[in-house]
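Student: Okay, predicted coordinates and the sequence, questions at the end:
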Amino acid sequence: MSQSETSERASAISDTLAAIVLSIAALLTSWASFQAALWDGEQAASYTQAGATRVKASLLATENGQQQGLDMFMFTQWLNAYAAEDRPLQDFYHERFRPEFRQAFDDWLALRPMHNVEAPHSPFLMPEYSPRLAREASALDKRADAQFEEGQRYNSTSDAYVAATVVFALSLFLGGIGQTFDRKRLAAALTLIGAAACVFGLVRLTALPTMSL
């Protein structure tokens, strides 16, 4: 085979390889961009859900604070009646305690706190005092944290797909610019580097989770 024929064959192989690299890189770029957009959408949805859940938790916490403030006020009034030895007034306030607080108060009073130094200093320190709204607000806060962390994971996945598109863009650039050089060895070298970049990007893609519509 003559040197001219060898050169032409090498050029044809280089052109074919470049076409394959460009085609695969273009396809993978589209796929990675599509996946990045999907994961970005999930991230936005998770952040929105986390924000809405946080608002609900805040509203419940505010309402709980108001109810606990009422419990403290009523307990203070009961203490004043107790100090004045006004039993009817004590009963008046006791009957108007919220059920959640009344249970804790009764259990606390059964410990004879006025004479028992081991008793909690107030019924608010009793294990029985666990307002429902406080528990619900805490649960919603935890859910909001989980939703936000989920959004962070989605964001990381989206970023990884964006990084893959950069690698494929490099592959497209090298595969395309290599064909503009008359020096066949340089063109072949650039094409091979582009192919390597494409393979590297493909390996990165296989390690990422995928999402469908």
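Tutor: Right, received. Where do you want to start? All of these numbers come straight from a predicted model, not from anything done at the bench. Numbers count the residues shown, from 1 in each chain.
Student: Show me which helix runs longest in this structure.
Tutor: Among the elements of the chain assigned as helix by DSSP state H, the one spanning the most residues is helix 3-83.
Student: tell me the mean pLDDT for the helix or strand just after that one?
Tutor: Toward the C-terminal end, the helix or strand that comes next after helix 3-83 (DSSP states H and E) is helix 87-95. For helix 87-95, the mean per-residue pLDDT is 96.
Student: What are the buried residues along helix 87-95?
Tutor: When burial is assessed from 16 or more other CB atoms under 10 Å, helix 87-95 yields the following buried residues: 90, 93-94. No exception for glycine: its C-beta is placed from N, CA and C like everyone else's.
Student: Ok, stretch 191-204 next?
Tutor: Neighbour counts over stretch 191-204 (16+ other CB under 10 Å) mark 191-195, 197-198, 201-202, 204 as buried.
Student: Stretch 46-63 now?
Tutor: Neighbour-count burial for stretch 46-63, with 16+ other CB under 10 Å as criterion, is recorded at 46-47, 49-50, 53-54, 57, 60-61.
Student: And stretch 27-38, by the same measure?
Tutor: Of the residues in stretch 27-38, those with enough neighbours to count as buried (16+ other CB under 10 Å) are 28-29, 31-32, 35-36, 38.
Student: cool, stretch 153-173 as well?
Tutor: The neighbour-count check on stretch 153-173 (16+ other CB under 10 Å) flags 154-155, 157-158, 160-162, 164-165, 167-172 as buried.
Student: Filter these down to the ones in strands?
Tutor: The members of these all map outside strands under DSSP state E.
Student: Tell me which of those fall in helices.
Tutor: By the criterion of DSSP H, membership of these in helices covers 154-155, 157-158, 160-162, 164-165, 167-172.
Student: quick check, nearest of these to residue 135?
Tutor: Nearest to residue 135 among those is residue 154, at 28.9 Å by CB to CB.
Student: If we ignore the residues flanking it in sequence, what's nearest that closest one?
Tutor: Nearest-residue entry for residue 154: residue 43, 3.8 Å, with adjacent residues in sequence omitted and distances by CB to CB, 6 or more residues apart in numbering.
Student: Also residue 28?
Tutor: Nearest in space to residue 28, with sequence neighbours left out and distances taken as CB to CB, 6+ apart, is residue 168 at 5.1 Å.
Student: and the one you found, what pLDDT?
Tutor: Reading off the per-residue confidence, residue 168 sits at a pLDDT of 90.
Student: Distance of residue 199 relative to residue 139?
Tutor: Using CB to CB, to the nearest Å, one obtains 48 Å as the distance from residue 199 to residue 139.
Student: what's the span of stretch 115-129, first residue to last?
Tutor: Stretch 115-129 stretches 21 Å from its first residue to its last (CA to CA, to the nearest Å).
Student: Name the residues that touch it?
Tutor: Outside of stretch 115-129, the residues that reach it under the criterion CB atoms under 8 Å, 6 or more residues apart in numbering are 68, 71-72, 75, 100-101, 103-105, 107-109, 111-113.
Student: Tell me which two of those sit farthest apart.
Tutor: Pairwise distances across those peak at 24.6 Å for 68 and 112 (criterion: CB to CB).
Student: out of these two, which sits in the busier spot?
Tutor: Under the criterion of other CB atoms under 10 Å, the comparison of residue 68 against residue 112 puts residue 68 first, with 18 against 9.
Student: do you know how far the more buried one is from residue 120?
Tutor: From residue 68 over to residue 120 (counting by CB to CB), the distance is 16 Å.
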